[in-house]
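Colleague: Sequence and predicted structure, then a few things I'm wondering about:
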Amino acid sequence: MEDLDLTTDELLTTTRAVRRRLDLTRPVDRSVVEECLHLALQAPNGSNRQSWNFVVVDDIGTRSSMADIWRAGAADLGAAAAADPRPRLPAERQAEIMTSVSWLNEHLHEVPVLMVATVDGRPEGASMFTQATMWGSVLPAVWSFMLALRSRGMGSCWTTVHLEREQEMAELLGIPIADVTQVGLFPVAHTIGTEFRPGAREASADTIRWNGW
C-alpha cells in the first residue's frame, strides 16, 4: 500500500472522525494495522511506562458481539438523553452527528476491524493527577494510530458509547477490568475516497488565551 502524498500540515488537518465513509467491502490487511500500531507505540507516555494495550479484532463473530454491546451502550445513552432533553449542540450540527452515529450503529458489525484501546489502572477514586496521567499515557498513541491510518488511505473514529457496558466488553475480550481501563472502541477500514477537508474551526481562535484566562 502506498502512502498518501500529504504534507504534515495536511495530515494533521484532514484526519477526521470517519463513519459513513468507512469502506465495508474492502478487506483490511493485518500487517497494515500492525504497522500503524507500531508507529503509535512511539507516542510519548507517562514516565515511559507504555501502559497501553490494543485488542484488535477481525473475527466476524466477535465483531458482531462487540457491535451488540456497542449498540446496548448507545441505547443506554439515548435513554439518558431523552430524560434530559436540553440541547448540547446547535440543532443542525446535532442532526448531522446523529445521522453519522446512526449509520455506524447499523453497520458497526460490518467494519472489517474493530480495535479496543486500554490503559493500565482504574480512574475510580483516583486523584486528578493520576487520572490525567492515565489518559495522557494513551491518548497520544491512539491519535498517532489514527494519523497513521489516514496516511495510508484508511480511517477510524474514536467511539466511547460501549463504555456504558465496559464490563460486558471486558468479559467478551478477556480484558482484566479490575486492573485495566478501556478508553474507546475504534472501527478501522479503508475510506471511500481519500480526500478530506479541514474541519470548521473558525471560532476556535477564541479559545487561545495568552498569559491568563
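Modeller: In hand now; what should we look at?
Colleague: alpha carbons only for contacts and neighbour counts from here, please
Modeller: OK.
Colleague: Low-confidence stretches in this structure?
Modeller: The model of the chain has pLDDT under 70 over residues 1, 86-94.
Colleague: can you give me the helices for this structure?
Modeller: 8-14, 30-40, 60-83, 91-107, 128-136, 139-151, 166-173 (DSSP state H).
Colleague: Quick check: which of those helices is nearest to residue 2?
Modeller: helix 139-151 (9.0 Å; CA to CA).
Colleague: Name the residues that touch that closest one?
Modeller: 3-6, 11-12, 15, 33, 36-37, 39-45, 117, 155-157 (CA atoms under 8 Å, 6 or more residues apart in numbering).
Colleague: For residue 113, see how far away residue 54 is.
Modeller: As judged by CA to CA, to the nearest Å, residue 54 and residue 113 stand 12 Å apart.
Colleague: between these two, who's got more neighbours?
Modeller: Shown here are residue 54 and residue 113; by other CA atoms under 10 Å, residue 113 has more neighbours (24 against 14).
Colleague: Do I have it right that the more buried one meets residue 156?
Modeller: No: Residue 113 is beyond contact range of residue 156, at 9.9 Å (criterion: CA atoms under 8 Å).
Colleague: Need the residues touching each of these two.
Modeller: Jointly contacting residue 113 and residue 156 under the rule CA under 8 Å, 6+ apart are 187-189.
Colleague: What's the PyMOL syntax to select whichever of those residues are buried?
Modeller: Listed next is the PyMOL selection for buried residues among the shared contacts of residue 113 and residue 156, using 16 or more other CA atoms under 10 Å:
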select buried, resi 187+188+189
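Colleague: Could you tell me which of the shared contacts of residue 113 and residue 156 belong to strands?
Modeller: Residues of the shared contacts of residue 113 and residue 156 located in strands (DSSP state E): 187-189.
Colleague: Export these as CSV, with columns for distance to residue 127.
Modeller: Listed next are those as CSV, based on distance: CA to CA, whole Å:
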residue, distance to residue 127
187, 31
188, 33
189, 37
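Colleague: between those residues, which is nearest residue 104?
Modeller: residue 187 (9.1 Å).
Colleague: number of nearby residues for the nearest residue to the closest one once chain neighbours are set aside?
Modeller: Leaving aside its sequence neighbours, residue 187 sits nearest to residue 114 (CA to CA, 6 or more residues apart in numbering; 4.6 Å). Neighbour count of residue 114, defined by other CA under 10 Å: 24.
Colleague: For the remainder of this discussion, apply numbering that starts at 6.
Modeller: With 6 as the first residue, the last one maps to residue 119.
Colleague: which residues does the most centrally placed residue in the chain contact?
Modeller: Geometric centre of the chain, nearest residue: residue 163, 1.8 Å, by CA atoms, centre = their mean. Taking CA under 8 Å, 6+ apart as the contact definition, residue 163 lies against 22, 189-191.
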